[in-house]
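A.B. asks: fold the stuff below for me.
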Amino acid sequence: MRILTLQRLEIFKTIYETNSISEAARRLNLAQPTVSRHIRDFEAALKLSLFINKSGRIKPTWEAHRLFQICEGAYERIRQVENDIAGIREGRGQTLRLMSAPSFFSFPFLAVALKRVKEEYPEIDVSVDVGSSANQIQSLREGNIDVGLAAEIPETPELKISTIGHTKIVMIVPKNHPMAQEDVFPISAMEEYPCVMPFTRAPVGRFIDRELTKHGISAKRLMTAVSPAIVPRLAEALGCCGISDSLTAAASAHIDIKAIPLSVDISVRVQAIRNAGAANRAVDDLYIRSLRDSMLLLSNTQ
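C.D. replies: Sure, this is the predicted structure:
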């Protein structure tokens, strides 16, 4: 068993400074017999007498004075370590580098998650950037970001992927469109009405294209939108249909459009992505949990 432990030094230091076992027990929030036992064990391990009882008072011996002087630097170092640990808990000296797909910046769940991170890590330096799925994966490879936020990223050994939630694919139409009075948009109508379609080389666009192909649908493409965030405005301006998702539609409720559910259920996964080789950090996990919680809350209120 080691002679010196942090607990033994703390108990010795507190008794030395207070000249009282009962007061030391109070300050350390320990039972008095526990403090007495620890200091006896410490003296036995050191083979030194550290305190004597003189007229009912605890007095340090010469050996105790010498030990306290020797350990003074250690006490200061322990205080510094405790301060550094508090800094780790608060995020002092840490950075959280995030990147998100452009469309997610209009969703309140991202801001809610970041608010929670700052509440628990008030000293952390957070930076948020925007980038496509390909940009995020490259930035993770290069160590330039800690967590990305994208959708329908395929599983690869280099990525650690956490599903945050799901968002349904919907058809967005202007309110004066012939289909605007419908409660459900038949996917077969996509072959009749011109549509703003997603970019098929991006993960979400590729996923939607595969789903439509499964149902034998060849959509009438009017235009390609790389980002789902611009689909509502394009549909409104061009007077056409636009494939988007329920979250984007909810964020665009202030413009003159209507989001109509498709006749088939197509949902995409919203995912947090990390470099699989990077060390796990509590703040990264908190951010991802917060995204999941806030997205779930948002989904339940829609």
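A.B. asks: only C-alpha atoms for contact and neighbour calcs from this point on.
C.D. replies: OK.
A.B. asks: would you map the strands across the protein?
C.D. replies: Listed in chain order, the strands of the chain (DSSP state E) span 51-54, 57-60, 95-100, 125-130, 147-151, 159-174, 195-198, 221-225, 241-245, 257-261, 267-275.
A.B. asks: and those as TSV, adding mean neighbour count?
C.D. replies: Below are these laid out as TSV (neighbours: other CA atoms under 10 Å):
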stretch	mean neighbour count
strand 51-54	14
strand 57-60	17
strand 95-100	20
strand 125-130	14
strand 147-151	27
strand 159-174	22
strand 195-198	25
strand 221-225	16
strand 241-245	27
strand 257-261	24
strand 267-275	22
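A.B. asks: distance check, the closest residue to Asp245 other than its chain neighbours against Ile217.
C.D. replies: Closest residue in space to Asp245, ignoring its immediate chain neighbours: Ile169 at 4.2 Å, by CA to CA, 6 or more residues apart in numbering. Ile169 sits 15 Å away from Ile217, taking CA to CA, to the nearest Å as the criterion.
A.B. asks: okay, now Leu110: neighbour count?
C.D. replies: For Leu110, the neighbour count with other CA atoms under 10 Å is 19.
A.B. asks: what about this protein, any weak spots by pLDDT?
C.D. replies: 1-2, 106, 299-302 (pLDDT under 70).
A.B. asks: contacting residues for the residue nearest to Asp245?
C.D. replies: By CA atoms under 8 Å, 6 or more residues apart in numbering, the contact set of Ile169 is Ile243, Ser244, Asp245, Ser246, Pro261, Leu262, Asp265, Ile266, Ser267, Val268.
A.B. asks: ok, back up a step: nearest to Asp41, out of the strands of the chain?
C.D. replies: Nearest of these to Asp41, taken as CA to CA: strand 51-54 at 12.6 Å.
A.B. asks: helices of the stretch 51-200 of the chain, start to end?
C.D. replies: 62-90, 108-120, 133-141 (DSSP state H, counting those that start in this stretch).
A.B. asks: what's the most buried one of the ones you listed?
C.D. replies: Highest mean neighbour count of those: helix 133-141, a mean of 19 (counted as mean count of other CA atoms under 10 Å).
A.B. asks: contacts for that helix, please.
C.D. replies: Against helix 133-141 from outside (CA under 8 Å, 6+ apart): 99-101, 145-148, 150-151, 153, 202-203, 274-275.
A.B. asks: could you pull up phi and psi at Glu142?
C.D. replies: Phi and psi for Glu142, reported as degrees, to the nearest 10, are phi -80, psi 0.
A.B. asks: gap between it and Glu158?
C.D. replies: Counting by CA to CA - Glu142 and Glu158 are separated by 12 Å.
A.B. asks: so these two - more neighbours on which side?
C.D. replies: Applying other CA under 10 Å to Glu142 and Glu158 shows that Glu158 carries more neighbours, namely 14 against 10.
A.B. asks: residues in contact with that one?
C.D. replies: Glu158 neighbours (CA under 8 Å, 6+ apart): Asn275, Ala276, Gly277.
A.B. asks: check contacts around the last one.
C.D. replies: Okay, so that is Gly277. Contacts of Gly277 (CA under 8 Å, 6+ apart): Glu158.
A.B. asks: rewinding a little: using TSV, lay out the contacts of Glu158 together with distance to Asp84.
C.D. replies: Shown next, in TSV, are these (distance: CA to CA, whole Å):
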residue	distance to Asp84
Asn275	27
Ala276	27
Gly277	26
